[in-house]
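this one's structure only:
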């Protein structure tokens, strides 16, 4: 009896395309639809089979758990993932953990109950063991969970090197890094490693101020963090590399208020090049671009491959970063 | 035979709380869980009934269609809606229409196929008749669709009045408004109506430049729109009210490049007070705040009321706006 693969072969299109025509999902050109329908008729692909195909236990829903979907970086990432998922007939359930372990646990249960086909894990408050128990295809963003769970990340180490070397090349003699929270072993901490090693390589004195989880992940008002943890010692440094653009801009504003001239007296470089930074014109921040479009596409396509079992050996993806010259260095 | 309402009554809690305990969804305190479980045992509420309750054709999934989930305003709105939905055990499917009618139509079909319990409609490219055919609970954001479909919006007319009167009170003699696209009858166009009527009331000469849909809804780089449609005539005006903050900031940047002093020579006021504006410090934009938290809560709670049939007469909700004094007026 003919199956969906036979239809695809006959019509000269992919199985996904046939599935789209059957389910009337996603965009299908008129010509393609006609070819698929003719192929279905030609090989007598019957409605019963369609019904059976529909009964497959696939929901075509992907869940994504982020610390904060409103954060400029995650908002852009989610948009890119959703647009990519749409092309493959998948829908995206968005969950905000607010970096609370209990919410993250609840969301994982909820997503399993709702029979999502897979989970994108961008929130990282649980221990690695918790994720291993999930028993669904998972792609992890920015964290190595286990050998079975592939991750997608930007080239954090290279980004940290680029940023630190840029400050040194611009003549900085004493450097500060405002990192993310270092207590969890997540990949963005490679930015701090690279900062440290690059400073040591060039014999540049340095210091690292550790970010705080709750403030780092979804606070749009990091001014008080800067005031409390960074302000007093800032005059000792002539260059600062921040692990995200929001903090970098907050340091710029602090410098402005303190009449510290940027970039003459203090050079500032961020990380992300998120929507906020792209739109910000006065000043344009010098930063490291981790491209949300490429990250989103890699996350989504790797997860769909796992779900559809096309590829049992899904690899980790490390997306290139890019130095962006702005006006703060 | 005992039902879920009997359990709720016996335990002295709401039906929603009992449902959460049964489905193990959302946060339930230990004491509450104990009370519900004791009540279930006391009145012999059997697992069969639980199974039947679970078989109800409710998915506890809400779909939201927005022009662009990455846009600062919608990103914040979605976050607020999702957080509110979570408290009531609902999950949120996010869809980006990019203001394309075809994508919007496809998404509506996809959401229906996925048995969502209701739809939040923030994208407005289709004709009113299309939405009436959906046959699911809908809450519309910023548009009057029909008497059966409640809407949530900010007090756009009052916001337009506040903005225009502020410019006039600051001494402006000739005013410009950059509106949204006026070809569709959506509620944000009341901002332009208020601008016009307020100028007429005070005998202030004025002009309106109409925004463009594709550029308005999800462009973060509206500089070229400003260059093409606004720049040449800008010197004729001493005050401009923009229908969103992104455009207001783009005009500020244009003025900066042209050595037009803000606010001395040109006063600028926006609308939204979105995350971008809240975080932007240099300069702080004068704007009208349409609070994403209150809008999100109203949208979500109105839709859940419709889904759960608690209230057949769900009213429209108009959320108050607030004037925010920044440094651009």
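Received it, and whenever you're ready, just let me know what you need. In this text the structure is predicted, and so the values were computed from the model without any measurement.

all helices for the stretch 51-200 of chain A, in order.
With DSSP state H, counting those that start in this stretch as the criterion, the stretch 51-200 of chain A has helices at A:72-87, A:101-113, A:128-132, A:156-169, A:190-201.

mean neighbour count, mean pLDDT and distance to chain B added to those helices, as JSON lines?
The way it works is simple: take the backbone N, C-alpha and C, and place the C-beta from them, glycine included. Shown next, in JSON lines, are those (neighbours: other C-beta atoms under 10 Å in any protein chain shown; pLDDT from 0 to 100; distance: least, C-beta to the nearest C-beta, whole Å):
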{"stretch": "helix A:72-87", "mean neighbour count": "24", "mean pLDDT": "94", "distance to chain B": "4"}
{"stretch": "helix A:101-113", "mean neighbour count": "18", "mean pLDDT": "89", "distance to chain B": "6"}
{"stretch": "helix A:128-132", "mean neighbour count": "14", "mean pLDDT": "82", "distance to chain B": "16"}
{"stretch": "helix A:156-169", "mean neighbour count": "22", "mean pLDDT": "98", "distance to chain B": "21"}
{"stretch": "helix A:190-201", "mean neighbour count": "19", "mean pLDDT": "98", "distance to chain B": "22"}
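
distance to residue A:318 added to the ones you listed, as JSON lines?
Formatted as JSON lines, those follow (distance: least, C-beta to C-beta, whole Å):
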{"stretch": "helix A:72-87", "distance to residue A:318": "16"}
{"stretch": "helix A:101-113", "distance to residue A:318": "24"}
{"stretch": "helix A:128-132", "distance to residue A:318": "19"}
{"stretch": "helix A:156-169", "distance to residue A:318": "9"}
{"stretch": "helix A:190-201", "distance to residue A:318": "10"}
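
mind listing the strands for the stretch 101-250 of chain A?
A:118-121, A:138-141, A:151-154, A:175-178, A:206-209, A:239-242 (DSSP state E, counting those that start in this stretch).

show me what the third one is packed against.
What it means is strand A:151-154. strand A:138-141, helix A:292-307, strand A:317-319 (3 or more C-beta pairs under 8 Å, 6 or more residues apart in numbering or on different chains; DSSP states H and E).

just the buried residues of that strand, please?
Of all the residues in strand A:151-154, those buried under the rule 16 or more other C-beta atoms under 10 Å in any protein chain shown are A:151, A:152, A:153, A:154.

which one of those is nearest residue A:194?
residue A:154 (12.3 Å; C-beta to C-beta).

low-scoring stretches of chain A, by residue?
A:1, A:24-26, A:46-57, A:213-221, A:310-312 (pLDDT under 70).

okay, domains of it per the record?
A:4-55, A:61-154+A:292-320, A:156-291 (automatic domain parsing).

okay, these in a markdown table with distance to residue B:33 next?
Shown next, in a markdown table, are the domains of chain A (distance: least, C-beta to C-beta, whole Å):
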| stretch | distance to residue B:33 |
| --- | --- |
| domain A:4-55 | 35 |
| domain A:61-154+A:292-320 | 14 |
| domain A:156-291 | 28 |
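
how about these, which one is nearest residue B:236?
Here domain A:156-291 is closest among the domains of chain A (C-beta to C-beta), at 23.8 Å.

chain center to that closest one: distance?
Put simply, domain A:156-291 sits 19 Å off its chain's centre (C-alpha atoms, centre = their mean, to the nearest Å).

and that domain, end to end?
Terminal residues of domain A:156-291 lie 12 Å apart, using C-alpha to C-alpha, to the nearest Å.

and stretch A:207-226, by the same measure?
Start-to-end span of stretch A:207-226 (C-alpha to C-alpha) is 15 Å.

please apply the same query to stretch A:123-136.
16 Å.

kindly report the same for stretch A:193-212.
Terminal residues of stretch A:193-212 are spaced 17 Å apart (C-alpha to C-alpha).

try stretch A:236-254
15 Å.

and the strands of the stretch 101-250 of chain A, which is most packed in?
strand A:239-242 (a mean of 30; mean count of other C-beta atoms under 10 Å in any protein chain shown).

relative to chain B, which of the helices and strands packed on strand A:151-154 is closest?
Chain B sits nearest to helix A:292-307 of all the helices and strands packed on strand A:151-154, at 8.3 Å, using C-beta to the nearest C-beta.

which bits of the stretch 201-329 of chain A sit near chain B?
Residues of the stretch 201-329 of chain A lying close to chain B by C-beta under 8 Å from any C-beta of the partner chain are A:220-221, A:246, A:249, A:252-253, A:256, A:275-276, A:278-282.

those: which two are farthest apart?
Between all members of those, the farthest pair (by C-beta to C-beta) comes out as A:256 and A:275, at 22.0 Å.

give me the more crowded residue out of those two.
Taking neighbours as other C-beta atoms under 10 Å in any protein chain shown, residue A:256 and residue A:275 compare with residue A:275 leading, 22 against 14.

so the more buried one sits against residue A:74, correct?
No: taking contacts as C-beta atoms under 8 Å, residue A:275 lies outside contact range of residue A:74: 10.4 Å.

wait, residue A:207 sits on residue A:192?
No: using C-beta under 8 Å, residue A:207 is not in contact with residue A:192, being 11.4 Å away.

what is the nearest of the residues of the stretch 201-329 of chain A next to chain B to residue B:166?
Checking these one by one against residue B:166 (C-beta to C-beta), the nearest turns out to be residue A:282, at 22.9 Å.

got a list of contacts for the helix or strand harbouring residue A:5?
Residue A:5 is part of helix A:4-11, with elements assigned from DSSP states H and E. Outside helix A:4-11, the residues that touch it by C-beta atoms under 8 Å, 6 or more residues apart in numbering or on different chains are A:14-15, A:17-19, A:22, A:32, A:35-36, A:38-40, A:42-43, A:45, A:49, A:53.

just those residues: which are in helices?
When DSSP state H is applied, the contacts of helix A:4-11 are split such that A:15, A:17-19, A:22, A:32, A:35-36, A:38-40, A:42, A:49, A:53 fall in helices.

between the domains of chain A, which one is closest to residue B:229.
Among these, the nearest to residue B:229 by C-beta to C-beta is domain A:156-291 (18.6 Å).

just the helices and strands packed on strand A:151-154: most buried one?
For those, ranked by mean neighbour count under the definition mean count of other C-beta under 10 Å, the leader is strand A:138-141 at a mean of 25.

which strands or helices does that one pack on?
Against strand A:138-141 (3+ C-beta pairs under 8 Å, 6+ apart) you get strand A:118-121, strand A:151-154, helix A:292-307.

the same query, at a cut-off of 10 Å, please.
Using 3 or more C-beta pairs under 10 Å, 6 or more residues apart in numbering or on different chains; DSSP states H and E as the contact test, the elements touching strand A:138-141 are strand A:61-66, helix A:72-87, strand A:118-121, helix A:128-132, strand A:151-154, helix A:292-307.

which ones are touching the closest residue to residue A:195 other than its chain neighbours?
Distances taken as C-beta to C-beta, 6 or more residues apart in numbering or on different chains put residue A:177 closest to residue A:195, at 4.4 Å, once the chain neighbours are dropped. Applying C-beta atoms under 10 Å, 6 or more residues apart in numbering or on different chains, we find residue A:177 in contact with A:160, A:163-164, A:167, A:191-192, A:194-196, A:199, A:206-210, A:237, A:239-243.

before we move on, what about residue A:116?
A:58-64, A:90-93, A:110, A:136-137, A:307, B:91.

who wins for most neighbours among the residues you listed?
The residue in those with the most neighbours, by other C-beta under 10 Å, is residue A:64 (31 neighbours).

I figured it hits residue A:299, correct?
Yes: with contact defined as C-beta atoms under 10 Å, residue A:64 counts as touching residue A:299 (8.6 Å).

what about the closest residue to residue A:17 other than its chain neighbours, neighbour count?
Distance criterion C-beta to C-beta, 6+ apart; nearest residue to residue A:17, sequence neighbours excluded, is residue A:32 at 6.3 Å. Neighbours of residue A:32 under the rule other C-beta under 10 Å: 17.
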